[in-house]
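**Q** Show me the folded form of this:
(3 chains)
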Amino acid sequence: MATVWRSQCAFARFFAGKTGLILNNTADLGAKVRPDSISVSKRLYSNYGNSPFVRRIQEQYAYEVVKNPPEWSYVERLLPFEGIPKVTPKDCYPSGWIPRKEEASNLPYFLQRTKNEELSIYLDISCRGMRKISKIKKIEGDIWLLNDELKEYLKNRYNRYIESRVHELAKFIEFKGDYVNALKEWAHSKGF
Amino acid sequence: MGSRQITEKSLAMLRSLPRISIGNLRDNPGHKKNSKRGRGQHGGDKHGAGNKGSGQRMNYMRLGYETGNNPFYLRMPQEHYYRGHHFRRQYPPLSLQQVQLLIDKNRLDISKPVDIASIVKSGLYNFFPDQKHFGVNLTDEGVDNFAAKINIEVQWASEQVIAAIERNGGVITTAYYDPHSLFLLKDPKQFFENGQSIPRRMIPPPDAIEYYTSAKNRGYLADPEEISQDRLRLAQKYGYELPKLENDPSYEMLCERKDPRQIFYGLDPGWVINLKDQCILKPKDEELVRFFAS
Amino acid sequence: MASLLINALRKIHISTPQIRSSFLSSSAVCSNTLTITKKDWKYPPQYTKPREVWIENVDTVEEKKLGLFELHPLVYAATPRIDIIQRNVIWQRKFRWVSWAHTKTRAEVRGGGKKPWPQKGQGRARHGSIRSPLFRGGGVAHGPRSGKTHFYMLPFHLRIHGLTSTLSAKLAQDDLHVVKDLELPSDEPEYLIDLIESRNWGPSVLIVDDTDYAPRNLTVASDSLPHVNIMPVYGLNVYSMLKHDTLILTQSAAEKIEERILHYLHSDTKKQQAQFKLDQV
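**A** Below you'll find the model as predicted:
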């Protein structure tokens, strides 16, 4: 019964006019609602019965589509690179980075640079800092000749025999000790 | 006598070996570690659990309990100096040496203004906004070797760094980005593919407003007059001649700065970028235009 | 290098070729002359020399060499790593496999809710349920559970390395042939069998084309032959290349493979690696 009365009231509300608002539960209690009988200061929207119907919802806002916009260059600047950008030759490199030289490919061995154009010479530290191994990776060409030359170079520089390990298939040489800077200097001197 | 080159030697070896097929393959020695089976002499009987006690019966004491003495995790008292450290803003560092390296390797385009989006795009710097990282902190490592004229926008910079950049004729600004904007800047392509409109950048929180409105830090909300006065002060302090920006051919590029509510260069809030059709959708409704311009 | 080629060609009694340099284009076929394309590499080979292959035809059963084609050494002359090839093959076999073996646990086996006999006094061992793993007819303790996936991803650079190793191995062992196009004169399978026999290609042949659609004659002819298979470029994988004895690439397919692999070798692959990276945070 109450539900029927409520739905009839709802119908009345919908076509009531400007102040078609049920402001209190007068409809449920049976009293007739007249626009002037409701005071403006008592608008209570706390529940379904009290709140007004939503009339007009704007879901679509007006917009314009700009084809070939002049700001497209800004968008392209934000998109990621296709591949790593190539290095353009410059006069000097203030950061201390040394680029690869052309004459390096004429030697019997070759040290390939990484994707970020850096030398592939690393220091592996293990056993709580007691074991230091300098590793040269990405070696092409005659690895045994390179091993001999590097051993001689390090022996002349440090006045002692330095043990090395050659892994031909995996293309690296490991030196027992921290000689990374010396090896990098040697590589730069050869133009790698 | 074959070639001594590694690749040529291995490929020449293959010519005299049988064809590589699925039945011919083998991984390196040591790739497989046989797991202990729960049967037999070594894995059976007590199955590695020992005799009696909590080890075999699996009813251990709680983690960290040290059988009665004061456990390690309770020995250290609280230090109130680090209270609220997990609420503080963090700025992962990027040194000037690294910036110079990026420029030398052609990963950073200096002919356009540089902001955190271009630094992340270069590939050699990353930050995580969800871990309370609020942007780039330009450190002064490599301040002596820095020699590039750039228009750079970071979130934190010390005085030496500002001096180094201005000495080379560049412009540095410190700007605040709220975490949502930082997510957008970190991966703009993913954001554009979402189809959402570019939001407005929020203003800095109360404890950061002082930093970003001071000319000493080249804040983006600071008075340009005061900034130019501070440039002179720095030039006098560190002893270099302040280069005249007006005479510079790339003066326009160096002066390009973002609006305090703008996230990307050249793109206003409210726009939707369509990457596939290469068009931009701009709102026309007054309400929206007013909202995004506010 | 060009002079060496000309000398070699003279020995085979072919008329002197016209050397035309073209920007990454395919060679044009003239009736009696051979063309050698000098490629303009985007990532020029730094040390290892590029490989050269003959461009062959499939129009006739006997072999006709239509030209010479250069291949990038990073893709077709990489050090063949058998262990990486093995890891790729194992990965391809395992990552899609779902094991459907299933056993019931002691909870799932019918019955066994009641304590079979009292705890003490019987002189028998103490038990709580007749379906425990100790019992005959009881559940299996650590048996297989249905729908067990064995998915894992091999790191992106290892998959690329596997492709380059296999391609280099195939080329080194004379099992890689580059063909100009796949237009067969007839759609009979006997033609294909004769072709494969006469050229000493292995019994099983994998034909890789640039596009999804192969010419009709080839499709019909290879349809009835289970050991001759056609594949588009994006389906190239280590397992298929090893399963088939010979690998036939069209010129455009060879170029596309080279371009894609070189692109990934020279770009930042963090996104591809991060997709399947196991998080340890």
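
**Q** What's the nearest residue in chain A when you look at chain B?
**A** residue A:74 (3.2 Å; C-beta to the nearest C-beta). C-beta here means a position set from N, CA and C on the backbone, and glycine is covered the same way.

**Q** Could you find the closest non-adjacent residue to that residue?
**A** Among residues not flanking residue A:74 along the chain, residue B:266 sits closest, at 3.2 Å (C-beta to C-beta, 6 or more residues apart in numbering or on different chains).

**Q** isn't residue C:48 right next to residue A:140, touching?
**A** Yes: Residue C:48 is in contact with residue A:140 according to C-beta atoms under 8 Å; the separation is 6.4 Å.

**Q** which neighbours do those two share?
**A** Residues touching both residue C:48 and residue A:140 (C-beta atoms under 8 Å, 6 or more residues apart in numbering or on different chains): B:5, B:7.

**Q** need the strands for chain A, in chain order.
**A** A:63-67, A:109-111, A:121-126, A:131-136, A:139-141, A:164-167, A:172-176 (DSSP state E).

**Q** Any idea which of those has the lowest pLDDT on average?
**A** For these, the weakest mean pLDDT is recorded on strand A:63-67, namely a mean of 89.

**Q** Let's see that one as PDB, backbone CA atoms only.
**A** Below are the C-alpha coordinates for strand A:63-67, written out as PDB (Å, rounded to 0.1, in the frame of the first residue of the first chain):
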ATOM      1  CA  TYR A  63      34.800  19.300 -28.500                       C
ATOM      2  CA  GLU A  64      36.600  19.900 -31.800                       C
ATOM      3  CA  VAL A  65      38.900  17.500 -33.600                       C
ATOM      4  CA  VAL A  66      42.000  19.200 -34.900                       C
ATOM      5  CA  LYS A  67      43.600  17.200 -37.700                       C
END
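
**Q** near chain B, anything from it?
**A** Yes: under the criterion of C-beta under 8 Å from any C-beta of the partner chain, chain B is reached by strand A:63-67 at A:63-67.

**Q** cool, and stretch C:45-55?
**A** Yes: using C-beta under 8 Å from any C-beta, stretch C:45-55 reaches chain B at residue C:48.

**Q** Repeat that for stretch C:74-93.
**A** Yes: using C-beta under 8 Å from any C-beta, stretch C:74-93 reaches chain B at C:77-80, C:82-83, C:85-87, C:89-90.

**Q** among the residues you listed, which are in reach of chain A?
**A** Contacts with chain A within the residues of stretch C:74-93 next to chain B, as defined by C-beta under 8 Å from any C-beta: residue C:79.

**Q** Could you dump the residues of stretch C:74-93 next to chain B into JSON lines with neighbour count and pLDDT added?
**A** Converted to JSON lines, the residues of stretch C:74-93 next to chain B look like this (neighbours: other C-beta atoms under 10 Å in any protein chain shown; pLDDT from 0 to 100):
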{"residue": "C:77", "neighbour count": "23", "pLDDT": "95"}
{"residue": "C:78", "neighbour count": "24", "pLDDT": "95"}
{"residue": "C:79", "neighbour count": "22", "pLDDT": "94"}
{"residue": "C:80", "neighbour count": "24", "pLDDT": "94"}
{"residue": "C:82", "neighbour count": "18", "pLDDT": "96"}
{"residue": "C:83", "neighbour count": "16", "pLDDT": "95"}
{"residue": "C:85", "neighbour count": "26", "pLDDT": "97"}
{"residue": "C:86", "neighbour count": "21", "pLDDT": "97"}
{"residue": "C:87", "neighbour count": "22", "pLDDT": "97"}
{"residue": "C:89", "neighbour count": "20", "pLDDT": "97"}
{"residue": "C:90", "neighbour count": "15", "pLDDT": "97"}
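
**Q** Among the residues of stretch C:74-93 next to chain B, name the ones in helices.
**A** Among the residues of stretch C:74-93 next to chain B, DSSP state H puts C:82-83, C:85-87, C:89-90 in helices.

**Q** List just the nearest of those to residue B:259.
**A** residue C:87 (52.8 Å; C-beta to C-beta).

**Q** From what I see, residue B:127 and residue B:120 are in contact.
**A** Yes: judged on C-beta under 8 Å, residue B:127 makes contact with residue B:120 at a distance of 7.3 Å.
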